[in-house]
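Enquirer: structure for this input, please:
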Amino acid sequence: MHSPGLADALRSLDQVELTGLYDEEPERSRAAAAERGLAMHEDLGSLLAASEAVVIGSTNADHRRYTEAAAGAGLHVLSEKPLATTVADGRAMVEACRRAGVQLATAFPVRESRAILALRDAIRGGALGRVLAIRGTNPGRYPGSWFGDRKLAGGGAVMDHTVHVADLIRWLLGDEVVRVQAEVGSYLWGLDVDDCGIITMDLAGGAFASIDCSWSRPRTYPTWGTVTLHVVGERATTDIDVFRQVLVRYDDSAGRVRHEPWGEDLNGRMI
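Expert: Below you'll find the predicted structure:
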């Protein structure tokens with residue numbers, strides 16, 4: 001899902017050469033290669049031999065397999081979120097890259113939002129005082145495809161849409177979560193995985209937070225979803241809507257109102 005945007009961001013850099021792509025589905029690989037003007041590799045080994053680093057945008061369940069293969073070939077790895085579907089797989093990925101002496105990173109582009117960076121500076125500079133609570137949201141549409149397959153995705157909305165906000169909370173506060181409680185269910189899309197979830201977290205420093213990670217946006221919603229934070233501090237309160245910079249478009253071509261973003265390219269800033 002996110003690979004095309006990451007490929008475009010990489011291609012924009014003078015010091016980067018895209019060596020091609022590999023997909024286990026040949027037809028999908030051929031179509032993506034033609035659309036992006038990239039070389040198509042028939043097997044994974046061919047891609048690894050031609051590269052110094054890889055971006056993994058596969059099903060969640062395959063992240064470990066591809067990461068271990070890349071690390072074994074001495075390549076750095078940028079993996080889509082979530083890093084893995086189990087703690088054991090995630091730790092194995094970290095260990096494989098540590099042994100190989102290569103870098104492993106998870107794609108968290110929301111950290112690069114200028115609004116988020118300004119909030120980080122405000123928190124660390126004491127402008128908000130001690131942070132008491134954070135309400136975070138990352139609702140969106142159901143993505144379809146393998147995202148509804150428990151074996152391939154590792155779960156549903158909670159697995160897919162918790163990670164960005166949870167990462168922001170830990171990163172902004174420099175603190176770790178010590179207790180989690182959640183209400184999770186499948187109510188909207190008739191799936192075998194959860195499509196709705198509310199998560200509450202207690203952090204070691206005393207703050208608490210909530211995250212709405214639901215696939216609760218209908219197909220006709222103007223955009224895929226949102227990322228918002230409401231932060232309550234002892235001295236000040238602030239609100240952030242990360243993807244608020246949009247052009248609202250009304251026409252008949254899509255059968256719905258559309259939000260077309262004109263703001264910063266977070267993938268580009270992350271890369």
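
Enquirer: what segments of this structure are helices?
Expert: Residue ranges of the helices in the chain, as given by DSSP state H, are 3-11, 26-36, 44-49, 63-72, 87-100, 114-124, 150-153, 157-161, 163-173, 266-270.

Enquirer: between those, which gets nearest to Arg219?
Expert: With Cβ to Cβ as the measure, helix 157-161 is the member of these nearest Arg219 (15.6 Å). Bear in mind the C-beta positions are built from the backbone N, C-alpha and C, glycine included.

Enquirer: that older thread, would a markdown table of the helices of the chain with mean neighbour count and mean pLDDT be doable?
Expert: Putting the helices of the chain into a markdown table (neighbours: other Cβ atoms under 10 Å; pLDDT from 0 to 100) gives the following:
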| stretch | mean neighbour count | mean pLDDT |
| --- | --- | --- |
| helix 3-11 | 17 | 88 |
| helix 26-36 | 13 | 88 |
| helix 44-49 | 16 | 97 |
| helix 63-72 | 21 | 99 |
| helix 87-100 | 16 | 99 |
| helix 114-124 | 15 | 98 |
| helix 150-153 | 16 | 97 |
| helix 157-161 | 25 | 97 |
| helix 163-173 | 20 | 98 |
| helix 266-270 | 18 | 92 |
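
Enquirer: in a markdown table: these, plus distance to Ala107.
Expert: Listed next are the helices of the chain as a markdown table, based on distance: least, Cβ to Cβ, whole Å:
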| stretch | distance to Ala107 |
| --- | --- |
| helix 3-11 | 7 |
| helix 26-36 | 18 |
| helix 44-49 | 18 |
| helix 63-72 | 11 |
| helix 87-100 | 14 |
| helix 114-124 | 15 |
| helix 150-153 | 16 |
| helix 157-161 | 13 |
| helix 163-173 | 10 |
| helix 266-270 | 7 |
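
Enquirer: those: which one's closest to Arg235?
Expert: Among those, helix 114-124 comes nearest to Arg235, with 10.1 Å by Cβ to Cβ.

Enquirer: that closest one to helix 163-173, inter-axis angle?
Expert: Angle, helix 114-124 to helix 163-173, by axes from the mean of the first three to the mean of the last three Cα atoms, to 10 degrees: 40 degrees.

Enquirer: what helices or strands is helix 114-124 leaning on?
Expert: Other helices and strands packing on helix 114-124, by 3 or more Cβ pairs under 8 Å, 6 or more residues apart in numbering; DSSP states H and E, are helix 163-173, strand 228-233, strand 237-241.

Enquirer: and the ones you listed as TSV, adding distance to Glu183?
Expert: Formatted as TSV, these follow (distance: least, Cβ to Cβ, whole Å):
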stretch	distance to Glu183
helix 163-173	16
strand 228-233	19
strand 237-241	24
